[in-house]
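*Asks:* my questions concern the predicted model and sequence given below.
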Amino acid sequence: MMRFRNGDLLVTLALLIALPTVLPNAYWFDVTIRMGLAGIAVIGLNILMGFAGQLSIGHAALLAASAYTSAILVARYGLPSALAIVIATAGVTLISYGLARPMLRLRGFALAIGTLGLGIIVQIILVNEVAWTGGPDGMVVAPLQLGPWTISGERQWYVLVAFLLFLAIVSSLNLFGSPAGRALRALNGSEIAAQVAGVDTSIMKIRAFTAAGFFAALAGALTAHYSGFITPDLSAFMRSVEFATMVVVGGRGSTYGVVLGAVLLTILPQALGGTGEYEMIVFGLILMLTVIFLPQGIVPTLVAALRGKGA
Amino acid sequence: MSDFLQYVFSGLTSGSIYALAALGFTIIFNARNVVNFAQGSFLMLGGMITATLITAKVPLPFAVAAATVITVIIGGLVQRLAIAPVKDADPVNLVIITIGASIFIDGIAAVVFGKNQHMVPAFSGDHAIHILGATLLPQSVWVMATAAVLMAGVSWYFRATLAGKAMRAVSINSNAASLVGIRPDRTVLVAFGLSAFLGAMAGAVASPITTTVFDIGLLLGLKGFVGATFGGLGSAVGAVVGGILVGLFESLVAGYISTSYKDAVPFVLIIGILICRPQGLFGSRVLDRV
């Protein structure tokens, strides 16, 4: 697969450029932009969950923290929105770095609970600090301004999100093949074996957590300015489960896989007509069925099947 | 002083519910080494089915019995259909499956019972008992007594019955247990049934206090899980003590510091505990197998 990497990227680029010509209306542009934003977030989560094998079910909290930070910086302190996004992303990345060391001392279930606890704490703060966040009713977010231009309308947002998603894919693929990526994947196999082979597992885990935090923060701040309105629901447990599902369904460790996961699971609620309870039933079912029947996820299973035939 | 006693009463009441949830987690964890995120859904089902049957004029004891039986069957189905088919031992995969099961069950409950709150009348009236200036509602007594009886029952089951001893054997060494003729998969099924039973009883007896809604299981289950981890995952005594402590802390924080941050208490507590003492209060040190 490595040999075809540049080919893969060209195909991806062509797809991203061609997509706007086939999207029929503003509604599908909107769905596509949301896929792209989710894609950026899960590329980060995949570095933690797929490469390094650390389960996080509080990822939405990082997105929400960044979304609110950026929104508050603009609303309260009158910062230009582009600068607010940069500060929010940098700030939440830094917080992830700070949290990484204590969090990653936890393993397996304990890490799942730790990240989940973090998510619930963030949500409780967002609901209760009404003066800052508007409480459960949420808050309005200013549109994104880049210098003199306001990014508005689906087409401009599409270009921005597609560009950032492409950058995220390139950096994730590069990381996958690099020595750091291999060290992370070794850690996924067996932490002790990786240590024996000379990998400094705690530093690698901290880096993975920080990278995941960066992508989540970027996606979160962009989501806030794109949608124009945010509520504490951004950090809900269900949102974190959705991100984890995208990674598991698409294929842990596969960059294209998790992006496919983001695409599929963003379309799904639209297909279900947006009623929460059916969404829950189908999400739950997909999670269980994928792990039982396709434990590697869609893309790695397909790749293995194609290789099997070729050999 | 009477304030303090009041907070202790309310802490012991919610703590008893968390302790039962924690015990359910521990039983399944010992049998299959998996953290069952669907435990909270068992509590939700116990409360929801009881509430629905009572609205349909079914007498209380029958309503609770039916809720318990249905939940136990669902618990068994979760094990048979979602846990048993997975042969690979990766705990992360099993955790993801139980998260899926929990969302699935909650979603079905939202469709079947609706998304609104369901009320259950108190089992024996609202005539408060006064003790040293604090009041204790009869339903709180029901909750604590039920928890005490169930805990004693579980302790007897593990100590005195063959099935209970088999379950302990599996939790110590599943391979060795199967060598002496214990079937681990059957034991895991019994563990899910037992946990569902505890969950349903806890959910039913708590429902007059908490009222009940399709997604109440998430928070109840998580707090139970915090209790189980707090006490040391795998230790039954730890689960009970941990669950009760979580309830007490929560209630004292709500009373003396802030009501709005009460739900954050267990999670702040657990992150602190996990980082300082990952094995919990009563757990033994965990070693990695290479």
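*Replies:* Looks like it came in fine.

*Asks:* and the helices in chain A?
*Replies:* Counting by DSSP state H, chain A has helices at residues A:5-22, A:26-46, A:59-77, A:81-103, A:109-128, A:130-133, A:153-177, A:179-189, A:191-196, A:201-227, A:237-250, A:255-271, A:276-293, A:298-310.

*Asks:* would you turn these into a markdown table with mean neighbour count, mean pLDDT and distance to chain B?
*Replies:* No exception for glycine: its C-beta is placed from N, CA and C like everyone else's. Formatted as a markdown table, the helices of chain A follow (neighbours: other Cβ atoms under 10 Å in any protein chain shown; pLDDT from 0 to 100; distance: least, Cβ to the nearest Cβ, whole Å):
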| stretch | mean neighbour count | mean pLDDT | distance to chain B |
| --- | --- | --- | --- |
| helix A:5-22 | 12 | 86 | 27 |
| helix A:26-46 | 23 | 95 | 13 |
| helix A:59-77 | 26 | 95 | 11 |
| helix A:81-103 | 19 | 93 | 5 |
| helix A:109-128 | 23 | 88 | 3 |
| helix A:130-133 | 14 | 90 | 10 |
| helix A:153-177 | 18 | 92 | 20 |
| helix A:179-189 | 18 | 82 | 10 |
| helix A:191-196 | 15 | 81 | 5 |
| helix A:201-227 | 24 | 93 | 11 |
| helix A:237-250 | 25 | 90 | 6 |
| helix A:255-271 | 22 | 90 | 13 |
| helix A:276-293 | 20 | 86 | 3 |
| helix A:298-310 | 13 | 83 | 14 |
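
*Asks:* residue A:115 contacts residue A:100, correct?
*Replies:* No - contact criterion Cβ atoms under 8 Å: residue A:115 and residue A:100 do not qualify, at 11.1 Å.

*Asks:* sorry, back to before: now tabulate the helices of chain A in TSV and tack on distance to residue B:52.
*Replies:* Converted to TSV, those look like this (distance: least, Cβ to Cβ, whole Å):
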stretch	distance to residue B:52
helix A:5-22	48
helix A:26-46	37
helix A:59-77	32
helix A:81-103	41
helix A:109-128	28
helix A:130-133	35
helix A:153-177	45
helix A:179-189	45
helix A:191-196	47
helix A:201-227	37
helix A:237-250	24
helix A:255-271	28
helix A:276-293	16
helix A:298-310	39
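
*Asks:* quick one: closest of the ones you listed to residue B:183.
*Replies:* helix A:276-293 (21.2 Å; Cβ to Cβ).

*Asks:* gap between the closest one and the chain center?
*Replies:* Offset of helix A:276-293 from its chain centre (Cα atoms, centre = their mean, to the nearest Å): 19 Å.

*Asks:* give the other helices and strands that it contacts.
*Replies:* If contacts are counted by 3 or more Cβ pairs under 8 Å, 6 or more residues apart in numbering or on different chains; DSSP states H and E, helix A:276-293 sits against helix A:237-250, helix A:255-271, helix B:91-113.

*Asks:* got those helices as CSV, with distance to residue A:21 columns?
*Replies:* Shown next, in CSV, are those (distance: least, Cβ to Cβ, whole Å):
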stretch, distance to residue A:21
helix A:237-250, 25
helix A:255-271, 18
helix B:91-113, 37
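
*Asks:* which one of those helices lies nearest to residue A:226?
*Replies:* Closest approach to residue A:226 among the helices and strands packed on helix A:276-293 (Cβ to Cβ): helix A:255-271, 13.5 Å.

*Asks:* the closest one packs against which elements?
*Replies:* Contacts defined by 3+ Cβ pairs under 8 Å, 6+ apart place helix A:255-271 against helix A:26-46, helix A:153-177, helix A:237-250, helix A:276-293, helix A:298-310.

*Asks:* quick one: contacts for the residue nearest to the spatial centre of chain A?
*Replies:* The structure's chain A has its C-alpha centroid closest to residue A:41; by Cα atoms, centre = their mean the separation is 1.5 Å. Contact analysis of residue A:41 by Cβ atoms under 8 Å, 6 or more residues apart in numbering or on different chains lists A:59, A:63, A:215, A:216, A:219, A:220, A:243, A:262.

*Asks:* tell me the one of the residues you listed nearest residue A:31?
*Replies:* The nearest member of the contacts of residue A:41 to residue A:31, counting by Cβ to Cβ, is residue A:262 at 11.5 Å.

*Asks:* contacting residues around that closest one?
*Replies:* Residue A:262 is in contact with A:35, A:38, A:39, A:41, A:42, A:246, A:250, counting by Cβ under 8 Å, 6+ apart.

*Asks:* against residue A:249, how distant is it?
*Replies:* 10 Å (Cβ to Cβ, to the nearest Å).

*Asks:* same check, this time on residue B:229
*Replies:* Plainly put, residue B:229 is 28 Å away from residue A:249 if you go by Cβ to Cβ.

*Asks:* next: residue A:179.
*Replies:* 29 Å.

*Asks:* mind pulling the model confidence for residue 251?
*Replies:* No chain in the question, so chain A it is. Among the per-residue scores, residue A:251 shows a pLDDT of 91.

*Asks:* could you do chain B instead?
*Replies:* 94.

*Asks:* pull out the buried positions in the strand or helix carrying it.
*Replies:* If you go by DSSP states H and E, residue B:251 is part of helix B:236-256. For helix B:236-256, the neighbour count (16 or more other Cβ atoms under 10 Å in any protein chain shown) marks B:236, B:238-255 as buried.

*Asks:* ditto for stretch B:121-140
*Replies:* For stretch B:121-140, the neighbour count (16+ other Cβ under 10 Å) marks B:123, B:134, B:136, B:137, B:138, B:139, B:140 as buried.

*Asks:* what's the farthest-apart pair in those?
*Replies:* Taking Cβ to Cβ as the measure, those span a maximum distance of 20.6 Å, between B:123 and B:134.

*Asks:* what's near enough to touch residue 31?
*Replies:* Chain wasn't specified; assuming chain A. Contacts for residue A:31 (Cβ under 8 Å, 6+ apart) come out as A:266, A:267, A:270.

*Asks:* hm, I was asking about chain B
*Replies:* Neighbouring residues of residue B:31 by Cβ under 8 Å, 6+ apart: B:167, B:170, B:171, B:184, B:187, B:188, B:190, B:191.

*Asks:* can you tell me how far residue B:211 sits from residue A:9?
*Replies:* Taking Cβ to Cβ as the measure, residue B:211 falls 54 Å from residue A:9.

*Asks:* excluding its backbone neighbours, what's nearest residue 142?
*Replies:* Answering for chain A, as no chain was given. Nearest non-adjacent residue to residue A:142, counting by Cβ to Cβ, 6 or more residues apart in numbering or on different chains: residue A:74, 4.6 Å away.

*Asks:* wait, chain B was what I had in mind.
*Replies:* Closest residue to residue B:142 apart from its sequence neighbours, by Cβ to Cβ, 6+ apart: residue B:123 at 5.2 Å.

*Asks:* that neighbour in helix, strand or coil?
*Replies:* Secondary structure assignment for residue B:123 (DSSP: H, G, I helix; E, B strand; the rest coil): coil.

*Asks:* so it touches residue B:141, yeah?
*Replies:* No - the pair residue B:123 / residue B:141 is not scored as a contact, 9.5 Å apart, by Cβ under 8 Å.

*Asks:* which bits of the stretch 101-250 of chain B sit near chain A?
*Replies:* For the stretch 101-250 of chain B, the residues in contact with chain A (Cβ under 8 Å from any Cβ of the partner chain) are B:101-108, B:110-111, B:115, B:214, B:218, B:222, B:225-226, B:229, B:233.

*Asks:* and the buried ones among these, selectable in ChimeraX?
*Replies:* Buried subset of these, written as a ChimeraX selection, criterion 16+ other Cβ under 10 Å:
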select /B:101,102,103,104,105,106,107,108,110,214,218,222,225,226,229,233
